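1. Give the three-dimensional model of this entry:
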Amino acid sequence: MNIGLVAHDSKKKLMQNFCIAYRGILSKNNLFATGTTGRLIEEVTNLNVHKFLAGHLGGNKQLSAEIEHNTIDLVIFLRDPLHPKEHEPDVNDIVRLCDLYNIPLATNVATAELLIKSLDRGDMEWREAYK
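-> You can find the predicted model right below:
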(Lines give C-alpha, C1' and ligand atoms only; values in the text may rest on other atoms or scores of the structure.)
Protein backbone atom coordinates (compact mmCIF):
# COMPACT_ATOMS: atom_id res chain seq x y z
CA MET A 1 0.00 0.00 0.00
CA ASN A 2 1.07 3.57 -0.66
CA ILE A 3 0.70 5.80 2.39
CA GLY A 4 0.80 9.60 2.24
CA LEU A 5 2.14 11.35 5.33
CA VAL A 6 1.74 15.07 6.02
CA ALA A 7 2.06 17.04 9.25
CA HIS A 8 1.75 20.72 10.02
CA ASP A 9 4.70 22.20 11.93
CA SER A 10 3.06 21.88 15.33
CA LYS A 11 2.25 18.20 14.63
CA LYS A 12 5.60 17.03 13.22
CA LYS A 13 6.85 15.63 16.54
CA LEU A 14 3.55 13.77 16.94
CA MET A 15 4.01 12.33 13.43
CA GLN A 16 7.53 11.22 14.32
CA ASN A 17 6.27 9.49 17.46
CA PHE A 18 3.43 7.87 15.52
CA CYS A 19 5.88 6.52 12.94
CA ILE A 20 8.18 5.21 15.66
CA ALA A 21 5.26 3.42 17.32
CA TYR A 22 4.03 1.88 14.06
CA ARG A 23 7.38 1.42 12.35
CA GLY A 24 6.80 -2.31 11.89
CA ILE A 25 3.57 -1.78 9.95
CA LEU A 26 4.83 1.23 8.03
CA SER A 27 7.98 -0.64 6.93
CA LYS A 28 5.81 -3.08 4.96
CA ASN A 29 4.38 -0.25 2.84
CA ASN A 30 5.52 2.54 0.52
CA LEU A 31 5.68 5.89 2.27
CA PHE A 32 5.25 9.27 0.58
CA ALA A 33 5.56 12.54 2.48
CA THR A 34 6.01 16.23 2.05
CA GLY A 35 9.68 17.15 2.30
CA THR A 36 10.28 18.22 5.88
CA THR A 37 7.88 15.67 7.34
CA GLY A 38 9.52 12.89 5.32
CA ARG A 39 13.02 13.91 6.40
CA LEU A 40 12.00 14.02 10.07
CA ILE A 41 10.36 10.58 9.83
CA GLU A 42 13.48 9.11 8.21
CA GLU A 43 15.71 10.60 10.92
CA VAL A 44 13.92 8.85 13.77
CA THR A 45 12.78 5.59 12.13
CA ASN A 46 15.27 4.75 9.35
CA LEU A 47 12.23 4.09 7.16
CA ASN A 48 12.57 4.83 3.45
CA VAL A 49 10.27 7.73 2.56
CA HIS A 50 9.73 9.17 -0.91
CA LYS A 51 9.90 12.88 -0.22
CA PHE A 52 8.05 15.49 -2.23
CA LEU A 53 8.90 19.17 -1.90
CA ALA A 54 8.14 20.88 1.39
CA GLY A 55 4.38 21.45 1.66
CA HIS A 56 4.50 25.21 1.20
CA LEU A 57 6.86 24.81 -1.80
CA GLY A 58 4.49 22.53 -3.69
CA GLY A 59 4.70 19.22 -1.84
CA ASN A 60 1.00 19.37 -0.98
CA LYS A 61 0.24 19.79 -4.68
CA GLN A 62 2.51 16.87 -5.55
CA LEU A 63 0.73 14.64 -3.05
CA SER A 64 -2.62 15.88 -4.37
CA ALA A 65 -1.57 14.84 -7.88
CA GLU A 66 -0.73 11.33 -6.65
CA ILE A 67 -4.14 11.12 -4.98
CA GLU A 68 -5.81 12.23 -8.23
CA HIS A 69 -3.94 9.49 -10.10
CA ASN A 70 -5.21 6.95 -7.53
CA THR A 71 -1.71 5.90 -6.51
CA ILE A 72 -2.08 6.77 -2.81
CA ASP A 73 -4.12 4.27 -0.77
CA LEU A 74 -4.25 5.98 2.61
CA VAL A 75 -3.38 9.45 3.92
CA ILE A 76 -2.37 10.45 7.41
CA PHE A 77 -2.50 14.22 7.60
CA LEU A 78 -1.87 15.49 11.12
CA ARG A 79 -3.10 19.03 10.74
CA ASP A 80 -3.35 21.94 13.11
CA PRO A 81 -6.90 23.28 12.90
CA LEU A 82 -6.10 26.19 15.23
CA HIS A 83 -3.38 27.75 13.08
CA PRO A 84 -4.35 27.92 9.39
CA LYS A 85 -1.50 27.99 6.89
CA GLU A 86 -0.90 30.53 4.13
CA HIS A 87 -1.22 27.68 1.63
CA GLU A 88 -4.50 26.47 3.19
CA PRO A 89 -6.16 25.94 -0.23
CA ASP A 90 -3.47 23.33 -1.05
CA VAL A 91 -4.06 21.69 2.32
CA ASN A 92 -7.81 21.61 1.79
CA ASP A 93 -7.20 20.06 -1.64
CA ILE A 94 -5.77 16.94 0.00
CA VAL A 95 -8.86 16.52 2.17
CA ARG A 96 -11.23 17.22 -0.73
CA LEU A 97 -9.42 14.82 -3.07
CA CYS A 98 -9.41 12.03 -0.48
CA ASP A 99 -13.17 12.44 -0.23
CA LEU A 100 -13.55 12.60 -4.01
CA TYR A 101 -11.41 9.53 -4.74
CA ASN A 102 -12.48 7.46 -1.72
CA ILE A 103 -9.04 7.47 -0.04
CA PRO A 104 -9.09 6.75 3.70
CA LEU A 105 -7.88 9.86 5.52
CA ALA A 106 -6.87 10.48 9.13
CA THR A 107 -6.48 14.05 10.33
CA ASN A 108 -5.68 13.19 13.94
CA VAL A 109 -3.65 10.52 15.68
CA ALA A 110 -6.69 8.63 17.02
CA THR A 111 -8.02 8.01 13.52
CA ALA A 112 -4.50 7.38 12.20
CA GLU A 113 -4.10 4.54 14.70
CA LEU A 114 -7.40 3.00 13.62
CA LEU A 115 -6.38 3.12 9.95
CA ILE A 116 -2.90 1.70 10.57
CA LYS A 117 -4.26 -1.15 12.65
CA SER A 118 -6.88 -1.78 9.98
CA LEU A 119 -4.14 -1.88 7.36
CA ASP A 120 -2.18 -4.37 9.44
CA ARG A 121 -5.24 -6.65 9.77
CA GLY A 122 -5.70 -6.65 6.00
CA ASP A 123 -8.88 -4.59 6.05
CA MET A 124 -7.54 -2.29 3.33
CA GLU A 125 -7.27 -4.97 0.64
CA TRP A 126 -10.36 -3.49 -1.04
CA ARG A 127 -8.08 -0.67 -2.27
CA GLU A 128 -6.32 -3.11 -4.62
CA ALA A 129 -9.62 -4.02 -6.25
CA TYR A 130 -10.69 -0.38 -6.31
CA LYS A 131 -7.67 0.69 -8.36
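
2. contacts and neighbour counts: CA atoms only from here.
-> Fine.

3. residue ranges for the helices of the protein, please.
-> Using DSSP state H, the helices of the chain run over 12-21, 23-26, 35-45, 59-68, 88-100, 109-121, 126-130.

4. quick check, distance from the second one to the centre of its chain.
-> Translated: helix 23-26. How far helix 23-26 lies from its chain's middle: 14 Å, per C-alpha atoms, centre = their mean, to the nearest Å.

5. buried set for that helix?
-> 23, 26 (16 or more other C-alpha atoms under 10 Å).

6. that older thread, I'd like the helices of the chain laid out as JSON lines, including distance to Leu5 and mean pLDDT.
-> What follows is the helices of the chain, written out as JSON lines (distance: least, C-alpha to C-alpha, whole Å; pLDDT from 0 to 100):
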{"stretch": "helix 12-21", "distance to Leu5": "8", "mean pLDDT": "98"}
{"stretch": "helix 23-26", "distance to Leu5": "11", "mean pLDDT": "98"}
{"stretch": "helix 35-45", "distance to Leu5": "7", "mean pLDDT": "97"}
{"stretch": "helix 59-68", "distance to Leu5": "9", "mean pLDDT": "94"}
{"stretch": "helix 88-100", "distance to Leu5": "11", "mean pLDDT": "83"}
{"stretch": "helix 109-121", "distance to Leu5": "10", "mean pLDDT": "97"}
{"stretch": "helix 126-130", "distance to Leu5": "18", "mean pLDDT": "79"}
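
7. Include distance to Met1 when you put those into JSON lines, please.
-> Compiled in JSON lines, these are given as follows (distance: least, C-alpha to C-alpha, whole Å):
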{"stretch": "helix 12-21", "distance to Met1": "16"}
{"stretch": "helix 23-26", "distance to Met1": "9"}
{"stretch": "helix 35-45", "distance to Met1": "17"}
{"stretch": "helix 59-68", "distance to Met1": "13"}
{"stretch": "helix 88-100", "distance to Met1": "15"}
{"stretch": "helix 109-121", "distance to Met1": "9"}
{"stretch": "helix 126-130", "distance to Met1": "8"}
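
8. I am finished for the moment; much appreciated.
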